[in-house]
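In: Only the shape, not the letters, is given here:
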């Protein structure tokens with residue numbers, strides 16, 4: 001308890017790990033915070049500079065695996081098992097801990113290096129952490145990346161049915177690597193430094209994820225990069241007269257990210273080009289924009305000597321800010337001048353000859369024969385700006401929360417406040433933030449050679465806003481929209497600028513290695529461009545595309561409600577596997593909107609099969625006799641065992657099934673391990689547990705997120721039905737002729753749902769849980785797949801410091817916990833009007849098979865990156881996805897409680913009225929029972945109208961029963977099929 005009390009004044013400073021206190025007078029609190037979360041590397045570098053800590057000089061220590069102190073002897077492999085390392089190596093697996101000891105002759109700063117051999121085919125990078133003498137020296141040391149190298153499976157691009165080139169499959173390169181420890185965000189251009197004391201030091205390595213063979217560990221003095229002048233003295237020679245070597249950028253020999261990919265630029269200035277085909281003729285763009293990503297090209301020259309290097313590039317970053325690349329020759333940065341090479345925004349292709357600040361070409365020494373040229377994405381020039389903006393954003397978040405606690409979130413403009421009496425430092429804070437941001441704005445202006453960009457303008461506006469607020473701080477409670485909440489608030493401006501500055505996109509067509517020879521012009525002339533534009537216009541009327549259009553009768557027509565890259569991959573997989581195996585031809589088309597299905601059905605121009613549609617749409621089409629009952633296929637019940645039974649409920653009418661789950665959402669509990677552990681708060685298992693931890697969270701200005709807060713005015717079933725089902729309540733009478741939301745069980749669920757806001761003060765509205773989770777204001781809450789993707793792919797600084805657990809539930813009398821929650825994703829269906837129903841069913845079975853879903857999910861991430869996670873509804877395929885095993889276990893456990901809301905003709909009214917009940921109770925203070933009773937009257941009135949419309953009632957009497965589908969019903973089909 002004493003430790004928690006010390007956090008009373010500082011927990012809001014923990015908006016991200018390592019957050020520093022605002023002012024020097026808060027140093028004592030900052031020190032307490034750092035006992036839990038380490039400061040950032042930039043802060044430690046500053047401290048080392050202030051105390052004069054020097055880099056060690058001319059030191060090299062090598063620790064072989066046989067000398068590791070703490071190790072599993074069974075993991076020590078012989079030289080014969082070392083993948084040609086030639087010496088004994090260590091098999092380092094998940095959560096394996098190694099301790100080494102190194103003795104140095106002087107206090108100083110050192111770099112750590114590793115020989116390693118990645119194992120496995122997974123696309124998720126291998127991660128580890130490094131402690132020195134039992135402690136993490138800074139936060140970045142908690143996550144160290146051991147990257148893999150990748151290459152295309154073939155050097156030639158295959159073509160699809162339209163003659164368009166296909167992105168080749170990617171394969172990991174099996175070889176030994178060497179890496180120095182770097183920060184996982186690659187926002188520092190040089191390797192991380194570690195402070196070692198004179199004498200013996202222990203270094204502890206923990207494997208956080210992945211498997212690899214570990215060879216020698218190196219402890220060296222800090223490396224240096226020569227200047228251009230020093231580089232030229234090292235290599236004698238003159239500019240070569242050899243012929244120009246041209247390399248097509250779309251064919252890198254190797255890269256450290258599988259999803260750096262070739263792209264099509266339908267531009268006659270790009271080589272190669274065909275107006276009637278989509279050729280992969282350039283590299284990069286948004287797939288090559290993240291700091292640390294690098295691609296390499298093999299360059300072969302006939303003679304050793306100095307060469308110029310020119311890159312045909314297009315820098316079209318929309319914000320107007322330059323992007324940066326680090327140039328390496330044969331694995332090393334040759335000289336400082338190309339460590340952060342800048343590429344300005346251009347409207348057209350340019351031949352960028354690598355030059356110094358005086359625009360004099362730089363010369364690079366190449367050996368005779370094969371050399372490697374590497375370009376690495378580099379956001380390190382803006383790292384200090386990103387750090388400063390991050391500091392200000394966290395400070396703004398803290399200040400806003402403090403003001404809200406003080407004012408009760410009352411933003412009445414007519415009410416006066418004396419904020420400065422309670423926060424005398426507020427004016428100084430705002431002014432200091434403005435000064436710091438103004439300095440960063442000027443620095444960015446220097447980087448961009450005086451050209452204003454969107455990021456710079458955003459900083460300038462933020463500075464103006466902060467100065468305006470500092471001029472009259474007592475009015476801030478009524479002007480929080482300008483500080484932290486509005487779409488153009490300071491926090492919003494800084495957040496957007498942060499994202500934009502991190503992105504470093506560049507498209508490259510060719511590389512030229514040359515002497516003084518003239519290079520081909522990068523752009524066509526005006527008349528050639530005009531002629532080509534006219535020809536392209538006329539050709540556009542004849543081109544083959546993925547647009548929906550009529551196909552031959554013997555071709556299964558599939559409309560897909562997904563982006564192009566998904567549909568292209570689906571078509572290619574079908575062409576390569578399904579059609580050769582079955583002889584069934586398939587045409588996939590992009591469906592711009594699933595509403596087009598309703599119009600197409602009315603016009604009798606519907607496809608055979610639709611994929612990627614909302615889970616409620618098959619029902620809406622089926623009740624209008626437009627969808628085909630999949631249970632008519634003899635082997636339909638064979639497929640049921642691959643899916644969650646509760647996912648079928650919204651696609652059923654009586655015992656008929658009109659759709660099949662394609663993707664599946666999940667609602668689980670996300671929590672920050674660092675914050676929860678620091679505050680000694682247990683992870684809740686039930687809603688009673690949540691209620692019990694809320695006072696402790698709120699005592700530190702934190703809170704708990706529920707999906708209710710993520711909805712704006714209308715609260716969908718995803719947010720409301722879990723409370724009802726977990727209390728063993730229901731929404732409908734068994735015969736479907738009325739609602740049961742006024743039953744005791746359902747009422748208890750609704751009561752808890754509203755009490756969480758009215759009594760326990762959970763947030764009413766949270767526009768973006770992901771951001772609040774990152775900044776720690778909401779370190780725990782229930783969310784879904786989208787949050788999981790964002791945290792996995794866009795929050796590297798939190799890697800290893802958040803986790804998931806099952807959805808909080810309600811403990812029953814028998815001791816079990818009911819965790820029912822929705823999980824609707826996307827679905828597939830066959831149309832009643834299809835002439836190829838059997839063929840469409842064969843295709844649907846193939847598409848949703850375990851093998852196809854696993855291949856699709858893996859290929860999607862390899863080609864397009866970690867954010868392209870595929871949440872397949874096939875449970876067996878999901879088990880094989882390259883996700884952390886512990887997370888898959890939690891999700892699969894939660895899916896045992898997946899229960900979608902069954903559909904009826906009046907379901908929309910039930911959903912709307914439950915939402916209205918919440919609004920009336922929470923905002924209007926109405927009694928829950930009274931609000932529910934009024935809702936029942938409204939629902940039942942609409943029920944009678946809709947049931948008569950669809951022939952289930954006549955003159956108020958039931959003429960045809962409407963059976964509400966149940967999970968037990970689906971499970972019985974599975975059991976019968978297994979017998």
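Out: Happy to help now that I have it. Keep in mind that this is a model prediction, so the values were computed, not measured. Numbering: from 1, shown residues only.
In: what ranges of the stretch 301-450 of the chain fall below the confidence cut-off?
Out: In the predicted model, the stretch 301-450 of the chain carries pLDDT under 70 at residues 408-415.
In: Can you identify each of the strands in it by residue range?
Out: Along the stretch 301-450 of the chain, counting by DSSP state E, counting those that start in this stretch, strands occupy 305-314, 323-329, 341-343, 350-353, 364-366, 369-377.
In: Figure out which of these is closest to residue 590.
Out: Taking Cβ to Cβ, strand 305-314 is the member of the strands of the stretch 301-450 of the chain nearest to residue 590, at 26.0 Å. Placement of C-beta: from N, CA and C, glycine included.
In: which other residues reach that closest one?
Out: Strand 305-314 has contacts (Cβ atoms under 8 Å, 6 or more residues apart in numbering) with 235, 237-240, 242, 249, 265, 282, 301, 327, 343, 346, 348-354, 361-366, 373, 375, 506-515, 519, 522.
In: and the angle from that strand to strand 323-329?
Out: For strand 305-314 against strand 323-329, the angle between stretch directions is 150 degrees (axes from the mean of the first three to the mean of the last three Cα atoms, to 10 degrees).
In: if we can go back for a sec, so which of the contacts of strand 305-314 sit within helices?
Out: Among the contacts of strand 305-314, no member is found in helices (DSSP state H).
In: what's the domain layout of the chain?
Out: Listed domain ranges for the chain are 1-37, 49-221, 228-379+504-520, 383-502, 555-665+824-895, 668-822+905-942 (source: automatic domain parsing).
In: Which among those domains is found nearest to residue 952?
Out: When these are compared by Cβ to Cβ, domain 668-822+905-942 sits nearest residue 952, at 7.5 Å.
In: okay, how far is it across that closest one, tip to tip?
Out: Domain 668-822+905-942 stretches 34 Å from its first residue to its last (Cα to Cα, to the nearest Å).
In: now it: mean pLDDT?
Out: Mean pLDDT, computed over domain 668-822+905-942, is 94.
In: Next: stretch 80-100.
Out: 94.
In: how far is it from where the chain is centred?
Out: Distance of stretch 80-100 from the chain centroid (Cα atoms, centre = their mean, to the nearest Å) equals 31 Å.
In: For it, could you pull out the residues that count as buried?
Out: If you call a residue buried by 16 or more other Cβ atoms under 10 Å, then stretch 80-100 has these buried ones: 82, 85, 88-92, 96, 98, 100.
In: List the residues that contact residue 936.
Out: Residue 936 neighbours (Cβ under 8 Å, 6+ apart): 739, 741-742.
In: Now, of these, which are buried?
Out: Looks like the contacts of residue 936 have 739, 741 buried, using 16+ other Cβ under 10 Å.
In: which one of the contacts of residue 936 sits closest to residue 420?
Out: residue 741 (50.0 Å).
In: in the stretch 451-600 of the chain, what spans have low per-residue confidence?
Out: Where the stretch 451-600 of the chain drops to pLDDT under 70, the residues are 486, 538, 540-551.
In: quick one, helices of it?
Out: Under the criterion DSSP state H, counting those that start in this stretch, the stretch 451-600 of the chain carries helices at the ranges 454-471, 480, 490-502, 526-539, 564-573, 579-582, 595-602.
In: Reformat the contacts of residue 936 as TSV; add secondary structure and distance to residue 176.
Out: Formatted as TSV, the contacts of residue 936 follow (DSSP: H, G, I helix; E, B strand; the rest coil; distance: Cβ to Cβ, whole Å):
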residue	secondary structure	distance to residue 176
739	strand	66
741	coil	64
742	coil	69
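In: out of the buried residues of stretch 80-100, which one sits closest to residue 52?
Out: residue 100 (28.0 Å).
In: closest one to residue 181 among the helices of the stretch 451-600 of the chain?
Out: Using Cβ to Cβ, the helices of the stretch 451-600 of the chain put helix 490-502 closest to residue 181, at 21.2 Å.
In: Now do the closest one and helix 454-471, the angle between them.
Out: 160 degrees.
In: State the distance from residue 123 to residue 252.
Out: 17 Å (Cβ to Cβ, to the nearest Å).
In: Please give me every residue in contact with residue 201.
Out: So residue 201 contacts 101-104, 132-133 (Cβ under 8 Å, 6+ apart).
In: now the strands of the stretch 301-450 of the chain as a markdown table including mean neighbour count?
Out: Below are the strands of the stretch 301-450 of the chain laid out as a markdown table (neighbours: other Cβ atoms under 10 Å):
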| stretch | mean neighbour count |
| --- | --- |
| strand 305-314 | 23 |
| strand 323-329 | 21 |
| strand 341-343 | 19 |
| strand 350-353 | 18 |
| strand 364-366 | 23 |
| strand 369-377 | 19 |
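In: just to revisit the earlier point, the more surrounded of residue 123 and residue 252?
Out: Legend: neighbour count by other Cβ atoms under 10 Å for residue 123 and residue 252, higher for residue 252 (27 against 20).
In: hang on, the more buried one is in a strand, isn't it?
Out: No. Secondary structure of residue 252 (DSSP: H, G, I helix; E, B strand; the rest coil): coil, not part of a strand.
In: Surely it and residue 260 touch.
Out: Yes. Contact criterion Cβ atoms under 8 Å: residue 252 and residue 260 qualify, at 7.3 Å.
In: Identify the contacts common to these two.
Out: The contact lists of residue 252 and residue 260 share 283, 295, where a contact means Cβ under 8 Å, 6+ apart.
In: sorry, back to before: can I get the helices of the stretch 451-600 of the chain in JSON lines with mean neighbour count?
Out: What follows is the helices of the stretch 451-600 of the chain, written out as JSON lines (neighbours: other Cβ under 10 Å):
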{"stretch": "helix 454-471", "mean neighbour count": "20"}
{"stretch": "helix 480", "mean neighbour count": "21"}
{"stretch": "helix 490-502", "mean neighbour count": "20"}
{"stretch": "helix 526-539", "mean neighbour count": "11"}
{"stretch": "helix 564-573", "mean neighbour count": "18"}
{"stretch": "helix 579-582", "mean neighbour count": "12"}
{"stretch": "helix 595-602", "mean neighbour count": "16"}
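In: Could you check the ones you listed and tell me which one is nearest residue 437?
Out: helix 454-471 (5.1 Å).
In: Contacts for the closest one, please.
Out: 318-321, 389, 427, 430-431, 433-434, 437-438, 440-441, 444-445, 448, 475-476, 479, 482-483, 488-490, 493-494, 496-497, 500-501.
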